[in-house]
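Visitor: sequence first, predicted coordinates after that:
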Amino acid sequence: MQAGHSARIAIADDHPLFRGALRQAVEAVVPGAEIAESGNFESLLRILNETGSVDLALLDLTMPDVQGFSGLIYLRAQFPDVPVAIVSANDDPTVIRRSIDFGASGFIPKSLDVPSMGEAFESILAGNTWIPPDIDLEQPTDRETHELVRRVASLTPQQVRVLMMLSQGLLNKQIAYELAVSEATVKAHVSAILQKLGVESRTQAVIAAARIATAAGGASAA
């Protein structure tokens, strides 16, 4: 963060009371910060598109319109310069590790007290990666996760978006409408997704998306 620059923080969580706690923690360590709140993923995207960039995005793993790591993956693809910290009630070590594997700059359990949250935000804004001190990231990532991360990283932001919509059961024409593109463009994206994920059908792509969202079932909590 540049000197003299007022920090811009985006908070995405569907629980108003917890958004308030996050705001309190941010304001405690970053006086004068510009804070934008959103209760769903689409609102967060509007904030990022309208502001151009923020210094930190705080993302809940589970909101009504996004599940698990799919939102994190999309943000890292679409806004690679924006640090994203996961804030979740699920502090399973596997979830924390995979959050970092998928590009998060930190993982902040919702069970932390406000001063500790503030310390975490301060560390991430300084360019560090913050995780709970009792979590060891030195152990190598398992081969399956490494391969999944590699394949997902090859998707373009629009392909990640299409994959998210496929997992919601949307048809090509519905995806085309939502993204304001032609059905032919959607079909091209789907073909590219299948190739990059190493699968042969939409169904298999949806299964892969479910694996991304849940990461071995660990990310189902908010």
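Guide: That came through fine. If you're wondering where the values come from, they're calculated on a predicted model, not measured in any experiment. Numbers count the residues shown, from 1 in each chain.

Visitor: quick one: mean pLDDT for stretch 136-145?
Guide: Summarised as a single mean, pLDDT over stretch 136-145 is 68.

Visitor: please renumber so the chain begins at 559
Guide: New numbering, starting at 559: the last item is stretch 694-703.

Visitor: host element of Pro691?
Guide: Assigning secondary structure by DSSP states H and E places Pro691 outside every helix and strand.

Visitor: repeat that for Glu595.
Guide: Going by DSSP H and E, Glu595 is in strand 592-596.

Visitor: now that strand: buried residues?
Guide: By neighbour count on 16 or more other Cβ atoms under 10 Å, the buried set for strand 592-596 is Ile593, Ala594, Glu595, Ser596. C-beta: built from backbone N, CA, C; applies to glycine.

Visitor: cool, stretch 669-678 as well?
Guide: Buried-residue list, stretch 669-678, by 16+ other Cβ under 10 Å: Leu670, Met675, Gly676, Glu677, Ala678.

Visitor: among those, which lie within helices?
Guide: Using DSSP state H to define helices, the subset of the buried residues of stretch 669-678 located there is Met675, Gly676, Glu677, Ala678.

Visitor: about what we covered before: want to throw the buried residues of stretch 669-678 into a markdown table with distance to Val584 and pLDDT?
Guide: Output for the buried residues of stretch 669-678, formatted as a markdown table (distance: Cβ to Cβ, whole Å; pLDDT from 0 to 100):
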| residue | distance to Val584 | pLDDT |
| --- | --- | --- |
| Leu670 | 13 | 88 |
| Met675 | 8 | 87 |
| Gly676 | 7 | 86 |
| Glu677 | 12 | 88 |
| Ala678 | 10 | 91 |
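
Visitor: just the closest of the buried residues of strand 592-596 to Gln716, please.
Guide: Ser596 (21.2 Å; Cβ to Cβ).

Visitor: these two touch, right, Leu670 and Gly676?
Guide: No: counting by Cβ atoms under 8 Å, Leu670 sits too far from Gly676 to count as a contact (9.3 Å).

Visitor: element containing Gly661?
Guide: Counting by DSSP H and E, Gly661 is part of no helix or strand.

Visitor: quick one: contacts for the closest residue to it other than its chain neighbours?
Guide: In this structure, Gly661 finds its nearest non-sequential neighbour in Arg634, 3.8 Å apart by Cβ to Cβ, 6 or more residues apart in numbering. By Cβ atoms under 8 Å, 6 or more residues apart in numbering, the contact set of Arg634 is Val642, Phe660, Gly661.
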